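Peer 1: Any chance you could fold what I've pasted below:
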Amino acid sequence: MRSSHIKSIRISAALLIGFFSVSWTHAATPADGACPALLQQNVLRLQDEKPQSLCQYAGKVVVVVNTASFCGFTPQYEGLEALHAKYKDQGLVVLGFPSNDFSQETGSNKQIADFCENTFGVKFPMFTKTSVTGKDASPLFKQLSAKTGTTPKWNFYKYVISRNGQSVESFNSMTDPKSKSFVREIEKQLASK
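Peer 2: Now for the predicted structure:
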């Protein structure tokens, strides 16, 4: 009797663990087919270099920006963080990709992370140093360039990706994150469900 009772508890525990494992896995990934091709890639998080799937941002309006710590446009970090904070609850996420393609990002990933957080209070997701132009450009930036017909010409080049990943608009480095045209595009994309 005791043996069958223990066996029953083990089976119940196994079923319960299996249920929670399946539930957690399903909740951690978007619904089948919901991740646009543009986001079907892994990148390394800046702070700890752990792999991150960009699919976790499926269904959001995504702003992708190549950044640098020693550029005249570096103060745009502040405006990007303000946008992220203001609109994140409506479905916006800003993704920063530091790049030394224009020779203005020479620090290590840890130095870049410290600089962004301590100088500008950056809380939006940042990823490790990335090539954004030429033959060595990351797959994400190659796809963004192909969709828009333009590659980053300098640091703080911005791409706004629609929730479904089908529409991408590009904005040059001179476009301040607070500019009316940029904010208008973000609000337009956020309004599209």
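Peer 1: Show me this structure divided up by domain.
Peer 2: The chain is divided into the following domains under automatic domain parsing: 1-30, 37-191.
Peer 1: how about the ones you listed in a markdown table, adding mean neighbour count?
Peer 2: Where C-beta positions appear, they are placed from N, C-alpha and C, glycine not excepted. Listed next are the domains of the chain as a markdown table, based on neighbours: other CB atoms under 10 Å:
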| stretch | mean neighbour count |
| --- | --- |
| domain 1-30 | 10 |
| domain 37-191 | 18 |
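Peer 1: what's the least confident stretch among the ones you listed?
Peer 2: Within these, confidence is poorest for domain 1-30, with a mean of 41 (mean pLDDT).
Peer 1: For this structure, which segments count as strands?
Peer 2: Taking DSSP state E, the strands of the chain run over residues 42-44, 51-53, 61-67, 92-98, 158-161, 168-171.
Peer 1: Which of the ones you listed sits closest to Ser181?
Peer 2: strand 168-171 (7.5 Å; CB to CB).
Peer 1: Phe73 and Pro152 touch, don't they?
Peer 2: No - between Phe73 and Pro152 there is no contact, the gap being 11.4 Å when judged by CB atoms under 8 Å.
Peer 1: about what we covered before: and the strands of the chain as CSV, adding distance to Asn109?
Peer 2: Compiled in CSV, the strands of the chain are given as follows (distance: least, CB to CB, whole Å):
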stretch, distance to Asn109
strand 42-44, 8
strand 51-53, 13
strand 61-67, 12
strand 92-98, 8
strand 158-161, 22
strand 168-171, 26
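Peer 1: residues contacting Gln90?
Peer 2: Gln90 makes contacts with Leu190, as judged by CB atoms under 8 Å, 6 or more residues apart in numbering.
Peer 1: Spatially central residue for the chain, please.
Peer 2: Closest to where the C-alpha atoms of the chain average out (CA atoms, centre = their mean) is Leu95, at 3.7 Å.
Peer 1: can you pull the contacts of that residue?
Peer 2: Contacts of Leu95 (CB under 8 Å, 6+ apart): 54, 57, 62-65, 124-127.
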